[in-house]
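Q: below is the structure, and that's it, no one-letter string:
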Ligand SMILES: Nc1ncnc2c1ncn2[C@@H]1O[C@H](COP(=O)(O)OP(=O)(O)OP(=O)(O)O)[C@@H](O)[C@H]1O
Ligand SMILES: [Mn+2]
């Protein structure tokens with residue numbers, strides 16, 4: 001993101017915590033959402049027995065399984081249809097997860113895409129995956145703006161699980177994996193190797209990218225000899241990138257149109273295909289739950305939105321930036337299917353199911369417990385927002 005430049009990190013250091021970026025009128029919408037939580041009916045606070053079957057099914061699909069190298073990549077690459085990356089019910093998901101975490105590395109280069117350090121790994125069978133390395137410890141709290149900090153590899157893994165629970169199957173397939181930079185140095189291409197110093201006897205890397213700096217490295221851990229990261233299976237097909245209508249200005253003093261205009265959604269409804277708008281509202285709910293405030297662009301496959309780049313979630317479990325929900329409260333529409341799915345995971349079922357999927361990952365625990373608590377709190381805000389819309393516009397908000 002060239003237009004963001006170095007500002008992102010400069011702002012992060014200078015500013016105290018802020019959780020409201022909207023002024024006056026929009027702020028009152030946020031206050032109403034927070035007040036509404038107190039009067040939500042028991043259906044939003046109790047468990048819905050329907051979640052149990054869905055949870056069991058997800059676990060049986062996601063549990064890592066044996067696979068056949070002669071067809072595992074072909075299976076995974078045959079799944080994507082329109083923007084759906086993986087199927088609803090398929091036990092082979094666990095085989096693919098196992099393959100991306102087990103198959104040996106035959107080549108490593110620096111990805112040229114995006115602005116943060118990412119490695120492209122070539123696995124046995126010529127399958128390419130992206131590796132987003134770990135920069136933070138689990139208990140680290142990211143302070144600053146909603147888009148502060150570097151990517152969180154655990155956020156990419158949890159996002160994949162959460163998207164499956166919400167039946168928004170538009171994220172890449174992701175698994176945690178630890179790799180040894182030292183043992184794989186021989187597979188790194190020349191350009192990457194130029195950015196792989198040995199520091200305190202550990203093999204490190206800083207790569208080349210917009211935010212890559214030679215004094216900000218990731219390294220093999222001295223005790224385990226490996227570096228943690230998230231492995232993302234590459235989604236095949238043509239992916240097109242668009243500026244998000246709810247993009248932030250990344251400048252503290254400058255508000256975007258969506259932050260000033262109460263009728264902003266009416267403008268966007270004229271510009272964006274309706275299915276895509278509903279996708280963006282699903283994405284806003286997803287981003288609010290994980291607290292990703294950095295979806296500056298959205299990307300599509302066959303004209304429908306993908307949930308790519310989920311590394312900026314789970315930064316701070318003590319803050320809820322309500323304005324991530326702006327697409328929902330400004331448009332006051334939501335897919336009926338999304339709403340029904342959210343209702344199935346009330347009363348603690350969401351974090352319970354999520355944690356059970358997280359447990360299947362090699363890097364479990366993926367987050368500290370406070371993040372699960374935060375997820376439940378934010379789910380209540382989503383319910384409140386939709387309830388307020390329903391009070392105002394009735395059942396026509398469901399699409
Ligand atoms: N799993 C994937 N399959 C296919 N393409 C991908 C995948 N993950 C990322 N990409 C592509 O690579 C680009 C960069 O990835 P990503 O957005 O995660 O990086 P980033 O460094 O956070 O970028 P930015 O600074 O723009 O936010 C994406 O815009 C997308 O086009
Ligand atoms: Mn990003």
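A: Now that the structure is in, tell me what you want to look at. Treat the numbers as computed from the prediction; the structure is a model and nothing was measured. Numbering: from 1, shown residues only. Ligands and ions are numbered 1, 2, ... in the order given.
Q: where along the stretch 1-150 of the chain do the helices fall?
A: Assigned by DSSP state H, counting those that start in this stretch, the helices in the stretch 1-150 of the chain fall at 7-14, 24-36, 51-62, 72-78, 92-102.
Q: so which of those is nearest ligand 1?
A: Among the helices of the stretch 1-150 of the chain, the nearest to ligand 1 by Cβ to the nearest ligand atom is helix 7-14 (9.1 Å). The way it works is simple: take the backbone N, C-alpha and C, and place the C-beta from them, glycine included.
Q: got the phi and psi for residue 113?
A: phi -100, psi 150 (degrees, to the nearest 10).
Q: can you give me the distance of it to residue 136?
A: 22 Å (Cβ to Cβ, to the nearest Å).
Q: between these two, who's got more neighbours?
A: Ranked by neighbour count (other Cβ atoms under 10 Å), residue 113 and residue 136 place residue 136 first, with 17 against 9.
Q: next up, the contacts around that one.
A: 142, 149, 150, 152 (Cβ atoms under 8 Å, 6 or more residues apart in numbering).
Q: over to residue 331?
A: Contacts of residue 331 (Cβ under 8 Å, 6+ apart): 265, 268, 269, 277, 281.
Q: can you show me the strands along the protein?
A: Along the chain, counting by DSSP state E, strands occupy 105-110, 119-123, 127-133, 174-179, 198-199, 202-205, 218-219, 227-233, 239-243, 297-301, 304-306.
Q: in CSV, list the ones you listed along with mean pLDDT and mean neighbour count.
A: Output for the strands of the chain, formatted as CSV (pLDDT from 0 to 100; neighbours: other Cβ atoms under 10 Å):
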stretch, mean pLDDT, mean neighbour count
strand 105-110, 98, 18
strand 119-123, 98, 21
strand 127-133, 98, 21
strand 174-179, 98, 22
strand 198-199, 98, 12
strand 202-205, 98, 20
strand 218-219, 98, 21
strand 227-233, 98, 25
strand 239-243, 98, 12
strand 297-301, 98, 19
strand 304-306, 98, 21
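Q: of all those strands, which one is nearest residue 353?
A: Proximity to residue 353 (Cβ to Cβ) singles out strand 174-179 among the strands of the chain, at 16.9 Å.
Q: got the contact list for that closest one?
A: So strand 174-179 is contacted by 97-98, 100-101, 105, 121, 131, 153-154, 156-157, 159-160, 224, 226-233, 361-364, 366 (Cβ under 8 Å, 6+ apart).
Q: quote the end-to-end distance of stretch 94-112.
A: Terminal residues of stretch 94-112 lie 29 Å apart, using Cα to Cα, to the nearest Å.
Q: and it, how far from the chain's centre?
A: The chain centre lies 20 Å from the centre of stretch 94-112; the measure is Cα atoms, centre = their mean, to the nearest Å.
Q: for this structure, which residues are neighbours of ligand 1?
A: Neighbours of ligand 1 within the chain, by Cβ under 6 Å from any ligand atom: 1, 113-116, 130, 151, 172, 232, 234-235, 239, 241, 299, 308-309, 311.
Q: try it again with 5 Å
A: 1, 113, 114, 115, 116, 172, 232, 234, 235, 308, 309 (Cβ under 5 Å from any ligand atom).
Q: need the worst-confidence member of those residues.
A: Across those, the bottom pLDDT score, 38, is held by residue 1.
Q: with the contacts of residue 331 in mind, which one is nearest to residue 328?
A: residue 281 (5.4 Å).
Q: roughly how far apart are the closest one and ligand 1?
A: Distance check for residue 281 against ligand 1: by Cβ to the nearest ligand atom, to the nearest Å, it reads 21 Å.
Q: low-confidence stretches in this protein?
A: 1-26 (pLDDT under 70).
Q: nearest to ligand 1: which residue in it?
A: Here the chain gets closest to ligand 1 at one residue, residue 114, 2.5 Å apart by Cβ to the nearest ligand atom.
Q: and that residue, what does it touch?
A: Contact analysis of residue 114 by Cβ under 8 Å, 6+ apart lists 209, 309.
Q: go again with 10 Å.
A: Contacts for residue 114 were tallied using Cβ atoms under 10 Å, 6 or more residues apart in numbering; they are 1, 130, 132, 151, 209, 210, 211, 308, 309, 311.
Q: repeat for residue 343
A: 43, 44, 48, 50, 51, 383, 386.
Q: which of the residues you listed sits closest to residue 336?
A: Nearest member of those to residue 336, counting by Cβ to Cβ, is residue 386, at 11.0 Å.
Q: surely that closest one touches residue 335?
A: No: the pair residue 386 / residue 335 is not scored as a contact, 11.2 Å apart, by Cβ atoms under 10 Å.
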